[in-house]
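[1] what shape does this take:
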Amino acid sequence: MIGRVSVTTVVIKGVNGYGVRVSDPAATVQDYLDVVNEAIERGRLFRGRAERADCLGCDLCCQERIPLTSIDVLRLYSPLVPEPLTAFIRKHAHISVDGGAVDITLRRDRQGRCLFLRPGEGTCRIYDLRPLVCQTFICCPQTKRARRLREQIVNVGEDELVRQWLMENQRLNTTPHIDETSGRHRVRLDDWPLTPFSGKKAYDEVLLRSVCSPAVWGDIIA
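    Below you'll find the predicted structure:
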């Protein structure tokens with residue numbers, strides 16, 4: 001539905017960044033993505049990674065950490081390979097554990113670039129299916145409220161991915177594969193409860209309100 005979420009141009013440190021306002025409690029994460037993508041692709045906002053009018057051929061943000069949500073993986077998972085979720089994550093993601101905290105990000109190649117990047121062209125092989133973090137263009141300045149909203153969506157979505165990853169390992173009776181750990185760790189499914197992303201297959205099924213803390217929701221609702 002048009003109008004549930006709006007993006008406003010805000011001058012941040014002398015350049016055009018953006019803020020986000022929500023006018024309808026029924027607004028979804030997809031509503032948010034739609035307006036952010038539109039604002040950025042129309043060229044209204046500054047992109048800080050490279051001095052250029054668009055992102056075509058610029059791959060600087062493809063060399064940074066790209067956390068994944070459960071819906072990001074679901075969108076990539078079905079078209080690519082018919083294999084268990086754990087196998088897909090092991091092949092296409094990097095899993096790091098610090099104590100009880102788990103971080104699942106897109107795997108990078110030996111040069112530190114996203115494995116889905118076409119390095120010679122600086123373009124994405126999965127552009128239409130790119131993760132939420134990539135859709136929201138980390139190089140664009142954001143207000144504190146917009147940044148906190150984005151962080152909370154990503155964190156809740158990644159928590160759900162961790163929960164599903166642990167559930168699948170339990171179902172298959174396999175030991176979770178971990179790429180990197182700070183030392184002693186203990187990762188248990190019991191520590192990862194249901195989230196607003198649970199049971200959801202698309203971003204238009206996830207209400208923004210459900211992933212926001214009361215403070216963030218109070219800041220962005222009109």
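
[2] remind me which residues of the protein are low pLDDT?
    1-2, 43, 47-60, 78-82, 138 (pLDDT under 70).

[3] list the buried ones in the lengthiest helix in it?
    For the chain, the longest helix by residue count, based on DSSP state H, is helix 144-172. Across helix 144-172, burial judged by 16 or more other Cβ atoms under 10 Å covers 145-150, 152-154, 156-166, 168-169. (C-beta placed from N, C-alpha, C; glycine too.)

[4] right, and the helix or strand after it?
    strand 180-185 (DSSP states H and E).

[5] pull up the pairing partners for that following strand, direction included.
    Applying DSSP bridges to the sheet, strand 180-185 is found paired with strand 93-99 (parallel).

[6] just how off-centre is the longest helix of the chain within its chain?
    Here helix 144-172 is found 9 Å from its chain centre; the criterion is Cα atoms, centre = their mean, to the nearest Å.

[7] what is the orientation angle of it with strand 93-99?
    On the basis of axes from the mean of the first three to the mean of the last three Cα atoms, to 10 degrees, helix 144-172 is oriented at 90 degrees to strand 93-99.

[8] now for helix 144-172, which elements pack on it?
    Using 3 or more Cβ pairs under 8 Å, 6 or more residues apart in numbering; DSSP states H and E as the contact test, the elements touching helix 144-172 are strand 15-22, helix 29-41, helix 70-80, helix 85-92, strand 101-106, helix 132-135, helix 208-211, helix 214-220.

[9] can you say which of those is nearest to residue 200?
    If you check each of these against residue 200 by Cβ to Cβ, helix 70-80 wins as the nearest, at 6.5 Å.

[10] which residues does residue 35 contact?
    Neighbouring residues of residue 35 by Cβ atoms under 8 Å, 6 or more residues apart in numbering: 5-7, 20.

[11] isn't residue 94 right next to residue 112, touching?
    No - here residue 94 does not reach residue 112: they are 11.2 Å apart, not a contact under Cβ atoms under 8 Å.
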